[in-house]
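> Return atomic coordinates for the entry below.
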Amino acid sequence: MHRRLRLSVLGLLTCLAVLVFAARGPVRALGWSSHDFNDFISPYVQTHAWFSGRDPYAPSTLTELWPASPRPPFLLKESADGTLPAKRGLPSPYFVLAFPVLWPIAALPWRIAIHVWVVVCVVAVFTVAWVLIEFAEGRRHKTLALLILVSVLLLAPVQTAVATSNIVNPVLALGMLSAFCQSRNRSRWAGALLALAVGLKPTVALPFVIYALANRNRSKAMSAAIVSGVLLLSAAILPQHGTLLWKSFLGNSQMMFAPGAIDDFSTANPLRFQLVNLQVALFPVLQNRTLTQIAAWLVFTTLLGFWLRAVRRDREVGLLDLAILVSAALLPVYHRFTDAGLLLVPVAWALREMKGEMRAFAAGCLLLASPFLIPGATVLHEFSGRSEILQNLSRTRLWNLFILPHEAWLILILCVVLLTARSLSRARTQVNDVARP
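As a prediction, the model looks like this:
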């Protein structure tokens, strides 16, 4: 009776989570204002430019091929004065490998393509939920499966990514499917899926690449990934007559990451609160861009070194290892809030371990991940101009050091907690091996 009641409550919670996800995700994505400007419109136009042999990284090309009407008021002005990449991050800095992958959808008329893309994003979210349930062995435990599904639907980065039609959820789904195929000894499928993920967004695919390299079937997976990558590259350079457009790509990227630009992590960028990489938290401390980059990478390589030390004698890597990798991978390179959907992996591991020996670490992980149920930094930034208390607080050093970049600090602490759990798990395994007759 008690179990039925619990499942009924969880079923009701799941229905509410679906409604919240629908309202904050696809409903917002398909709003009329989102049709004219969202995160997918730039790669959509760039794919058209690539296919027609034009420069997909030229602001003038973006302006010429812009499909939505009316055009955003800033588009013509900022394209003409050359500030479009620095102020808006347009054209988007996707590798040319992404364009042949996106072409089946980009070939459609814009009004149809955006609806198809939103469906793809929603399917990707439920695919991630399914893979996490499989990884956590949730099919045997309905309660665990429902809790994972609810977590996926309620995590704010996932909702925001769908609402903005961002590419991250499909990439996350490809990475998770690749890891799942690795765990089921389907290494060639894993490699092909990994190549697609890297082609679309390598910063999000990074932890899945490391996971594949650590897997015992890495040779098959990586050979399949390399073959798939070569085929993608061949398809990508064909419309450009062999030109890779590196100069245009790098020039655009330099403007986007310049001091004060939209992707800059320093305090010169008023929109830095949208970033979750560790540089945002370290810059107010170090006050030097180069030192900040070095420090962030040192932290990442140190964490990765501890993880490699913990897994070096294990035959297999599992969900905890993937949770560590996705958390660590958010730290050293550019990541916006939408990319924090990677934290679903640690959440799934924590939910699975809540009744096990690692429940203290699991509870800590859930506590650290819970602030991501809301877009905290965005909320703080918005209300800092409305509340006198927050306005006064925003002028203090504490605001820039800890409060505004709190998401980056939480990810770092989460990674340390997961690494500690991994080391303890390894130590317990060694004790059991010694004690076994």
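> what about this structure, any weak spots by pLDDT?
Filtered on pLDDT under 70, the chain yields the residue ranges 1-3, 32-36, 238-244, 313-315, 426-437.
> Check it and tell me which residue is nearest its centre.
D339 (2.5 Å; Cα atoms, centre = their mean).
> From N269, how far off is S219?
According to Cβ to Cβ, to the nearest Å, S219 and N269 sit 43 Å apart. Any C-beta I mention is one placed from the backbone N, CA and C, and that applies to glycine too.
> For the two, work out which one has more neighbours and name it.
Remark: of S219 and N269, N269 carries more neighbours, 21 against 12, as counted by other Cβ atoms under 10 Å.
> What is the burial count for the closest residue to the more buried one other than its chain neighbours?
Nearest residue to N269, sequence neighbours excluded (Cβ to Cβ, 6 or more residues apart in numbering): G260, at 5.7 Å. Under the neighbour criterion other Cβ under 10 Å, G260 is assigned a count of 14.
> Look up how far K77 lies from G260.
Taking Cβ to Cβ, one finds G260 at 18 Å from K77.
> What of P332?
P332 is 35 Å from K77, by Cβ to Cβ.
> These two: which is more packed in?
A count of neighbours by other Cβ under 10 Å puts P332 above the other of P332 and K77, at 22 against 11.
> Let me know the secondary structure of the more buried one.
coil (DSSP: H, G, I helix; E, B strand; the rest coil).
> dump the residue contacts of it.
With contacts defined as Cβ atoms under 8 Å, 6 or more residues apart in numbering, the neighbours of P332 are N277, L278, A296, W297, V299, F300.
> run the last query once more with 6 Å
A296, W297, F300 (Cβ atoms under 6 Å, 6 or more residues apart in numbering).
> Does the second one lie in a helix or a strand, and which?
Applying DSSP states H and E as the criterion places W297 in helix 289-311.
> now stretch 130-140, how far from the centre of its chain.
Centre-to-centre, stretch 130-140 and its host chain are 20 Å apart (Cα atoms, centre = their mean, to the nearest Å).
> can you list contacts of that stretch?
By Cβ under 6 Å, 6+ apart, stretch 130-140 touches L144, A145, I148, M176, F180, L319, A348, R352.
> Send me it as CSV with only the CA atoms.
Extracted in CSV, the C-alpha atoms of stretch 130-140 (Å, rounded to 0.1, in the frame of the first residue of the first chain):
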residue,chain,number,x,y,z
TRP,A,130,16.1,7.1,-21.1
VAL,A,131,19.9,6.6,-21.3
LEU,A,132,20.4,7.8,-17.7
ILE,A,133,17.7,5.4,-16.5
GLU,A,134,19.4,2.6,-18.3
PHE,A,135,22.8,3.6,-16.9
ALA,A,136,21.4,3.8,-13.4
GLU,A,137,19.5,0.5,-13.8
GLY,A,138,16.3,2.4,-13.2
ARG,A,139,14.2,-0.1,-15.2
ARG,A,140,14.3,-2.4,-12.2
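> What residues of it count as buried?
For stretch 130-140, a neighbour-count test (16 or more other Cβ atoms under 10 Å) marks W130, V131, L132, I133, E134, F135, A136, G138 as buried.
> do stretch 177-193 as well
Applying 16+ other Cβ under 10 Å to stretch 177-193 flags 177-183, 186-193 as buried.
> Stretch 78-87 now?
E78, S79, L84, P85, A86, K87.
> The fourth one sits in which helix or strand?
P85 is part of helix 84-88 when elements are defined by DSSP H and E.
> List of residues touching the following helix or strand past that helix?
Next along the chain after helix 84-88, taking DSSP H and E as the criterion, comes helix 98-106. Under the contact criterion Cβ under 6 Å, 6+ apart, helix 98-106 has outside partners P43, Y44, T47, W50, A113, V116, W117, L196, G199, L200, A235, A236.
> Try it again at 7 Å.
43-44, 46-48, 50-51, 56, 113, 116-117, 196, 199-200, 232, 235-236 (Cβ atoms under 7 Å, 6 or more residues apart in numbering).
> Stretch 305-325 too?
135-136, 179, 207, 210-211, 214-216, 345-346, 348-349, 415, 418-419, 421-423, 425-426.
> Between the two ends of stretch 76-94, how far is it?
In stretch 76-94, first residue to last residue: 22 Å (Cα to Cα, to the nearest Å).
> how far out from the middle of the chain is that stretch?
Counting by Cα atoms, centre = their mean, stretch 76-94 comes out at 23 Å from the chain centroid.
> which other residues reach it?
42-43, 46, 56-57, 59-60, 62-63, 74, 249, 252-253, 255-256, 258, 261-263.
> ok, which stretches of the stretch 201-350 of the chain are helices?
Secondary structure of the stretch 201-350 of the chain by DSSP state H, counting those that start in this stretch: the helices cover 202-214, 218-237, 246-256, 279-286, 289-311, 319-329, 344-352.
> Quick one: name whatever helix or strand follows the last one.
Where DSSP H and E defines the elements, the next helix or strand beyond helix 344-352 is helix 359-369.
> quick one: which of the contacts of P332 is nearest to E357?
In terms of Cβ to Cβ, no member of those lies closer to E357 than F300, at 28.4 Å.
> Can you report phi and psi for the closest residue to the closest one other than its chain neighbours?
Leaving aside its chain neighbours, F300 sits nearest to P332 (3.9 Å; criterion: Cβ to Cβ, 6+ apart). Backbone torsions of P332, given as degrees, to the nearest 10, read phi -90, psi -20.
> hmm, who's touching stretch 204-218?
Against stretch 204-218 from outside (Cβ under 7 Å, 6+ apart): 168, 171-172, 175, 178-179, 182, 185, 187, 190, 194, 197-198, 221-222, 311, 315-317, 321-322, 325-326, 329, 339, 342.
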